[in-house]
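Student: sequence unavailable; structure follows:
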């Protein structure tokens, strides 16, 4: 049975531990590496949920549609998401070494956050 414990500090599960450090440290097991990756992903999805909630509130208030096609990642800047998106980009810089995969992962996280 796996037991995971998460500590939220400042609204995030992981404060500033780069995945590159986790992957290069032989003292972390594969299970521990997966747990840190999962925490990074959860943090990024959590950061997207705030501006998405604000966008949904505005859409409902104005009797407008709220779909993932109408509210995209870039639109989150208009709903207080600029600093959240900046932090997500910082996370992606340490989470994924290949820059070309950043957009793909960000899109995946946005989709997951939207469906929450």
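Tutor: Sure thing, it's come through. Small disclaimer: the values here were computed from a predicted structure and weren't measured.
Student: can we go C-alpha only for contacts and neighbour counts from here?
Tutor: Fine.
Student: quick one: low-confidence ranges for this structure?
Tutor: 1-28 (pLDDT under 70).
Student: quick one, what contacts the residue most central in space within it?
Tutor: In the chain, the residue lying closest to the centroid (C-alpha atoms, centre = their mean) is residue 44, at 1.2 Å. Contacts for residue 44 (C-alpha atoms under 8 Å, 6 or more residues apart in numbering) come out as 88, 91, 109.
Student: again, but for residue 51
Tutor: Contacts of residue 51 by C-alpha under 8 Å, 6+ apart are 76, 79-81.
Student: what about it, helix or strand, and which?
Tutor: helix 30-61 (DSSP states H and E).
Student: buried residues, that helix. List them.
Tutor: 33, 36-37, 39-56 (16 or more other C-alpha atoms under 10 Å).
Student: what about the helices in the protein?
Tutor: 19-24, 30-61, 82-95, 102-115 (DSSP state H).
Student: looking at those, which is nearest to residue 68?
Tutor: Nearest to residue 68, of all the helices of the chain, is helix 102-115, at 6.9 Å by C-alpha to C-alpha.
Student: outside of the closest one itself, list whatever touches it.
Tutor: 41, 44-46, 48-49, 52, 68, 73, 92, 96.
Student: can you do 10 Å?
Tutor: Outside helix 102-115, the residues that touch it by C-alpha atoms under 10 Å, 6 or more residues apart in numbering are 41-50, 52-53, 56, 67-68, 71-73, 85, 88-89, 91-93, 95-96, 101, 116.
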